[in-house]
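J.: I would like the atomic coordinates for the input below:
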Amino acid sequence: MATGVPQYRRPTAPRVPVGHTPALLPDGLDGGLRPDRGTSSAGGGGSATRAPADYDTVTVTVRHGLETVDILRLRRACGAVLQSAGGSAVSFLVPAGTARSWHLPGSSCTPGADLLPPTDPRWVMPPAGPQSTARPTDAWVLRSALCEAACTLTAGGLGPF
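T.: I've put the predicted structure just below:
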């Protein structure tokens with residue numbers, strides 16, 4: 001690192017207000033959440049937990065998302081990732097406040113997240129650890145991996161998006 005050169009700082013955004021939580025799943029499958037504590041039983045499949053102040057979600061197409069997951073796994077920087085119910089999109093959990101400054105073509109970032117049980121088969125990278133806590137992916141690392149994945153897919157003849 002050079003001395004005397006200004007270093008960049010990551011902007012911080014305030015937390016998302018409680019109660020402002022769009023579904024993590026872009027296909028509209030929200031798990032039937034109740035407004036009281038944020039959990040409910042989904043038809044035979046377990047429960048979803050609402051985490052409005054902890055996470056935002058970045059959603060991309062499935063091909064772009066899976067390539068990005070591979071890149072992040074190689075960097076050992078991949079947090080929790082969920083595939084949509086229809087299988088057409090992949091959603092990355094990122095720290096809360098990311099949605100306010102996210103502007104990347106080919107992706108969308110929404111505040112809040114609906115978390116599914118760790119055993120749900122839609123998790124591409126499930127929550128891990130002793131309490132099965134969902135770990136978010138750093139937004140700047142994710143942005144870099146999404147751009148790299150787009151370049152890789154385009155070079156392979158699978159783009160543009």
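J.: For the rest of this, base every contact and every neighbour count on C-alpha atoms.
T.: Will do.
J.: list the contacts for His64?
T.: With contacts defined as C-alpha atoms under 8 Å, 6 or more residues apart in numbering, His64 is in contact with 146, 149-150, 153.
J.: Most neighbours among these, which one?
T.: Counting neighbours by other C-alpha atoms under 10 Å, Leu146 comes out on top of the contacts of His64 with 24 neighbours.
J.: Quick check: buried residues in the longest helix seen in the chain?
T.: Scanning the chain for the helix with the most residues, using DSSP state H, yields helix 139-155. Of the residues in helix 139-155, 139, 142-143, 145-150, 152-153 count as buried by neighbour count, 16 or more other C-alpha atoms under 10 Å.
J.: Please apply the same query to stretch 99-109.
T.: Neighbour-count burial for stretch 99-109, with 16+ other C-alpha under 10 Å as criterion, is recorded at 99, 102, 107, 109.
J.: quick one: which two of those are the most distant?
T.: Comparing every pair within the buried residues of stretch 99-109 by C-alpha to C-alpha identifies Ala99 and Ser107 as the most remote, at 11.1 Å.
J.: Next, format the buried residues of helix 139-155 as CSV and append distance to Trp123 and pLDDT.
T.: Formatted as CSV, the buried residues of helix 139-155 follow (distance: C-alpha to C-alpha, whole Å; pLDDT from 0 to 100):
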residue, distance to Trp123, pLDDT
Ala139, 19, 95
Leu142, 17, 97
Arg143, 20, 97
Ala145, 19, 97
Leu146, 19, 96
Cys147, 23, 95
Glu148, 23, 95
Ala149, 20, 94
Ala150, 22, 93
Thr152, 24, 93
Leu153, 23, 93
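J.: Since that was my last question, I'll sign off now.
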